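1. Compute the structure for the input listed below.
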Amino acid sequence: MHPLTRLALLAALALAAAAALAACGGGSSSSSTGVADGSDSRIPAGAPLIDQDKLQFIPGQLTVKAGETVYFKNSETALHTVNIDGKNVSGNMKKNDVFTWVFQQPGSYKITCDYHPQMKATITVTES
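-> Residues are numbered from 1 along each chain as shown. All right, here's what the predicted structure looks like:
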């Protein structure tokens, strides 16, 4: 194979790999604290927030009071879901979609995504 052909092929493969990675991630800002900062007008500042970014739930653990609304935001191009104890409650979430859930009962809830099994979080709900 001619060296220039080989170089062009390698460049094309690198570009395809970069495009594939961008399709699965590469999101925007996220909350590492689990508290909304007010930058998204749909989510009140100070509200409990779990961001779907970089193929993970951020933060991985969150504690809220019973009756409190938790916001879930997809900050990346990959489709995500919010599953609570194995049940998909959000449907498909596209980039910038926001989903809310009110945990009524105290307990520990496992959060997962249908599309990305490595995405896991735990929400601990305490008495209000």
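
2. Okay, and the beta partners of the spatially most central residue of the chain?
-> Closest residue to the average C-alpha location of the chain: Gln52 at 1.0 Å, with CA atoms, centre = their mean. On the basis of DSSP bridges, Gln52 takes part in beta bridges with Phe57, Asn74.

3. Contact partners for it?
-> Gln52 sits next to Gly27, Ile58, Phe72, Lys73, Asn74, Ser75, Glu76, His80, Met93, Cys113, Met119 when contact means CB atoms under 8 Å, 6 or more residues apart in numbering. Where you see a C-beta, it was placed from the backbone N, CA and C, and this is true even at glycine.

4. again with Asn96
-> Taking CB under 8 Å, 6+ apart as the contact definition, Asn96 lies against Lys73, Asn74, Ser75.

5. Quick check: Ile55 vs Ser128, distance?
-> Heads up, residue 55 is Leu, not Ile. 33 Å (CB to CB, to the nearest Å).

6. Comparing those two, which residue is more hemmed in?
-> Taking Leu55 and Ser128 together and counting by other CB atoms under 10 Å, Leu55 has the greater number of neighbours (16 against 10).

7. What score does the more buried one have for pLDDT?
-> The model reports Leu55 with a pLDDT of 97.
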